[in-house]
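1. sequence plus predicted model, see below.
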Amino acid sequence: MVQHSQTDDRRRLTEVEITQLLSKLPDWKRENQTIIYTHTFNNFIESINFINCLVEPAETLGHHPDILVSYNRVTISLTTHDQGGLTPLDFQLAETISNLVKTFSETSGKQCNIN
Ligand SMILES: C[C@H](O)[C@H](O)[C@H]1CNC2=NC(N)=NC(=O)C2=N1
C-alpha cells in the first residue's frame, strides 16, 4: 500500500503544524479551515492588476486562492478544498502571495515578480 509521506503537500496539517507555519506569516490569520489575508491597494485597478499576478503561481502550483475584491481591498482565503482543510500547499501559496505583495508595493504596482 502506498503511504503518504510527511512531504506530501496535500496532506491535512495538524493543529501544531498550522500554528508553527502561521507564526512565519504575520500578515495571515486563521479562520476555521482557512488562512486569510487582506491587503489595501491604492485603487480598484491595482487590486485587479494584483489579482492577475496570482494567476501564474496558482496555475503552477495547481492550487487556487478564493478572492474577494472590495474596490481597493483584496481578501485572499486559502484552503485545500479537496482535503477540507489546510495543507502545506496553502502555506506555500500564502508565502508566495506575501512575496508578490511586497514586490508589487515596492514597484508602485508596476510589477509583481522580479523575473
Ligand atoms: C485537479 C486540481 O488540481 C484540483 O482540483 C485542485 C485545483 N485547485 C485547488 N485549489 C484549492 N484551493 N484547493 C483545492 O483543493 C484545489 N484542487
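-> Noted; the coordinates are in hand.
2. which positions within the host helix or strand of Leu100 qualify as buried?
-> Per DSSP states H and E: Leu100 is located in helix 88-106. Neighbour counts over helix 88-106 (16 or more other CB atoms under 10 Å) mark 88-94, 96-98, 100-101, 104 as buried. For glycine as for every other residue, the C-beta is placed from the backbone atoms N, C-alpha and C.
3. against the ligand, how distant is Val55?
-> Separation of Val55 from the ligand (CB to the nearest ligand atom, to the nearest Å): 13 Å.
4. what is the neighbour count of that residue?
-> 10 (other CB atoms under 10 Å).
5. ok, it to Leu13 distance?
-> 25 Å (CB to CB, to the nearest Å).
6. go on, Tyr37?
-> Per CB to CB, Tyr37 is found 17 Å from Leu13.
7. got the phi and psi for Tyr37?
-> Tyr37 adopts backbone torsions of phi -140, psi 130, taken as degrees, to the nearest 10.
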